[in-house]
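1. A structural model of the following input is requested.
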Amino acid sequence: LDEYDRADKMEIMKEWYNGYRFGNAEVYNPWSVLNFLDALRENAGALPMPYWANTNSNDIVKSLVERADISVKGELEHLIDGGAIEKPIHEDITYDSIYGSDDNLWNFLFFTGYLKLVDRRLGDNESFKVFVKQCHDSGIRVVVDGVFNHTGREFFAFKDIQEKKWDSPYKDWYKGVNFDWQGPCGDPFGYDAWQGHFELPCLNLFNPAVRSYLFDVIRFWVDEFDIDGIRLDCANVLDFNFMKEMRQETARMKEDFWLMGEVIHGDYSRWVNPQMLHSVTNYELHKSLYSGFNDHNFFEIAHNVRRLEAIGRQLYTFVDNHDEDRIASKLKLKEHLIPIYLCLFTLPGIPSIYYGGEWGVEGKRTSTSDEALRPAIPISQSDERNCELTQFICAVGRIHDENEEFHGGRYQELLLTNGQYAFARHGADSVIITAVNNDGNDVEIDVPVPIPAKEAVDLLEDGPGRSILPVANGKVHIKLRGNRGAVLKVKGDNSYGSK
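-> Residues are numbered from 1 along each chain as shown. A predicted model of the protein is given here:
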């Protein structure tokens, strides 16, 4: 690719032509790669094609499989269904002895690149069970990613259509399957693909068999691993009736099972309601947070919170994720990291941390890759990466966890300027006031207190020596450092500060 000056095509080439494992190297189909590069010389917008089609022979594999006993064929079916098996590999097998044992089939498939070693970075089923149990023992619930809009081309149902065409029982499992024209990947049929990516054929969620299969998949993860919820990929394009049925089915599987959807634009209440999902991603707040801090414009953030006030407390909030540039790279001033996380944890919503955010990890995606957003970070580096931001997120996370005002409490705007912003979250007999300063200079502000009270306690200070601020004439006087904030608890009976 470098020789052709087309290194920009690396990711799409890898997606299309997969890789065979040879030792520690990943080797991509040279015939297809070279043909793709030739096509690019003639047309810069050329797309990859399955150039390998009809250029090889699988006679040896076919012969080995035909000779194998029923147990070997069962293991092959298990692999095709996405499972894993363990077999000894012998490097001294030669072609003249290949038919000497059924075990030689696995050697041949491995060394010729048909099989890969299982990726052990995330462990196996048993280790995931242990992980979930340990999370539950620590009071942590586990939500996994669910992709129900589309599959890959290697999915068993799609491969069955490729093989049997209109005779396949799965031909109605995908949207737009049409045998009157050839697909762009060389298939003898066309189909609908997610956003035009034909390596991701779209499932037909109107088909009861597809829905039943997907609900069985969820049931397996609940029964086998005891997961607590699913983050629905591409929820904005999923059929609403499908999601309503999923809500009913999962509630029967586990009473408090949580469904959260990836939704970028639109009226979030269309998805978040008692009949469908519990939450969706609040991309609107995400945008207003980094934009508001970069422009020193708290009005943008406050406007967004007011607009979503009816539903905002149920939304999943974040400042960066696996699809967005890291917030440490988006912000013009690194000094805004602490106040933006203060807003994240105290404004309405369900706040989240994307791994590495607690250390201010930077990263921007390019036009061809998002690898910079997902770096491998050895856990051994955690101590050396810990910083002031890490300690602050720990502190504000603990405050959020320990105070019920943040668990669905009503929001009330108290003070708003370009550089300073104060708001309250209401509890049963108390409020918590958050005051934030996006200016580099220290400021002093008088913030209205929305309940009768005489004093407020600074929650960002630990221990019995917490500052107690007087409330006079219905207001509390707060001194804010540059690019910092305060979190004050006010109880109507004023018993908090005396304890």
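
2. State the helix or strand in which residue 446 lies.
-> Assigning secondary structure by DSSP states H and E places residue 446 in strand 443-448.

3. An error on my part: the question was meant for residue 478.
-> Assigned by DSSP H and E, residue 478 falls within strand 475-480.

4. so how far is residue 207 from the closest residue to residue 209 other than its chain neighbours?
-> Leaving out its chain neighbours, the residue that sits closest to residue 209 by C-beta to C-beta, 6 or more residues apart in numbering is residue 173, at 6.9 Å. In short, each C-beta sits where N, CA and C put it, glycine included. When distances are taken as C-beta to C-beta, to the nearest Å, residue 173 and residue 207 turn out to be 6 Å apart.

5. which one of those two has more residues nearby?
-> Here residue 173 and residue 207 are set side by side on neighbour count (other C-beta atoms under 10 Å), and the busier one is residue 173, at 22 against 15.

6. pLDDT at that one, what is it?
-> The pLDDT attached to residue 173 in the predicted structure is 96.

7. ok, now residue 493?
-> In this model, residue 493 is scored at 58, pLDDT.

8. Can you list the residue ranges for helices in the stretch 301-450 of the chain?
-> Assignment of helices within the stretch 301-450 of the chain using DSSP state H, counting those that start in this stretch yields the ranges 327-330, 337-346, 382-385, 388-402.

9. tell me which strands and helices the first one is in contact with?
-> What it means is helix 327-330. Counting contacts by 3 or more C-beta pairs under 8 Å, 6 or more residues apart in numbering; DSSP states H and E, helix 327-330 is packed against helix 283-294, helix 337-346.

10. ok, now the last one?
-> In this structure, helix 388-402 makes packing contacts with helix 337-346, judged by 3+ C-beta pairs under 8 Å, 6+ apart.

11. Grab the longest helix from this protein for me.
-> When the chain is parsed with DSSP state H, its longest helix is helix 208-225.

12. Bridge partners for the residue lying closest to residue 230 once chain neighbours are set aside, pull those for me.
-> When the adjacent residues along the chain are set aside, residue 230 lies closest to residue 146, with 4.1 Å between them (C-beta to C-beta, 6+ apart). Taking DSSP bridges as the rule, residue 146 bridges to residue 232.

13. Just give the number of residues close to residue 146.
-> For residue 146, the number of neighbouring residues by other C-beta under 10 Å comes to 21.

14. Quick check, it in contact with residue 235.
-> No - contact status for residue 146 versus residue 235: not in contact, 9.5 Å apart, counting by C-beta atoms under 8 Å.

15. quick one, what contacts residue 353?
-> Each residue near residue 353 by C-beta atoms under 8 Å, 6 or more residues apart in numbering is listed here: 393, 397.

16. The residue nearest to residue 230: what's it in contact with?
-> Residue 146 makes contacts with 218, 230, 231, 232, 233, as judged by C-beta under 8 Å, 6+ apart.

17. ok now stretch 138-158, how far from the chain's centre?
-> Between the centre of stretch 138-158 and the centre of its chain there are 11 Å (C-alpha atoms, centre = their mean, to the nearest Å).

18. And the residue nearest the centre of the chain, how far from residue 8?
-> In the chain, the centroid-proximal residue (C-alpha atoms, centre = their mean) is residue 322; its distance is 5.9 Å. Shown here: residue 322 relative to residue 8, a distance of 22 Å by C-beta to C-beta.

19. my guess is residue 201 is in a strand, correct?
-> Yes - Residue 201 forms part of a strand when assessed by DSSP: H, G, I helix; E, B strand; the rest coil.

20. Just give me the neighbour total for it.
-> If you count neighbours by other C-beta under 10 Å, residue 201 ends up with 27.

21. Same check on residue 239?
-> Neighbouring residues of residue 239 were enumerated by other C-beta under 10 Å; the total is 15.

22. Report how many residues lie close to the closest residue to residue 235 other than its chain neighbours.
-> Setting aside the residues directly before and after it, residue 235 is nearest to residue 261 in space (C-beta to C-beta, 6+ apart), at 2.7 Å. The burial count assigned to residue 261 is 24, neighbours taken as other C-beta under 10 Å.

23. so residue 261 sits right up against residue 277, yeah?
-> Yes - using C-beta under 8 Å, residue 261 is in contact with residue 277, at 4.9 Å.

24. got any residues that touch both of the two?
-> Shared contacts of residue 261 and residue 277, defined by C-beta under 8 Å, 6+ apart, comprise 232, 235, 243, 271.

25. any idea of the mean pLDDT in stretch 255-270?
-> pLDDT averaged over stretch 255-270 gives 95.

26. how long is that stretch from one end to the other?
-> End-to-end distance of stretch 255-270: 23 Å, with C-alpha to C-alpha, to the nearest Å as the criterion.

27. Please enumerate residues in contact with it?
-> Taking contacts as C-beta under 8 Å, 6+ apart, the residues outside stretch 255-270 that touch it are 141, 143, 222, 228-236, 238, 240, 243, 246-247, 250-251, 271, 276-284, 308, 310-311, 315-316.

28. In ChimeraX, select just the buried ones from the residues you listed.
-> With 16 or more other C-beta atoms under 10 Å as the burial test, the buried ones among the contacts of stretch 255-270 are selected in ChimeraX as follows:
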select :222,228,229,230,231,232,233,234,235,236,238,243,246,247,250,271,276,277,278,279,280,281,282,283,284,308,311,315,316
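
29. Among the contacts of stretch 255-270, which are located in strands?
-> Within the contacts of stretch 255-270, residues falling in strands by DSSP state E are 143, 229, 230, 231, 232, 279, 280, 316.

30. Save those residues as JSON lines, and put in pLDDT and distance to residue 109 too.
-> Supplementary listing: the ones in strands among the contacts of stretch 255-270 in JSON lines, determined by pLDDT from 0 to 100; distance: C-beta to C-beta, whole Å:
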{"residue": "143", "pLDDT": "96", "distance to residue 109": "36"}
{"residue": "229", "pLDDT": "97", "distance to residue 109": "37"}
{"residue": "230", "pLDDT": "97", "distance to residue 109": "34"}
{"residue": "231", "pLDDT": "97", "distance to residue 109": "35"}
{"residue": "232", "pLDDT": "96", "distance to residue 109": "35"}
{"residue": "279", "pLDDT": "97", "distance to residue 109": "44"}
{"residue": "280", "pLDDT": "97", "distance to residue 109": "43"}
{"residue": "316", "pLDDT": "97", "distance to residue 109": "43"}
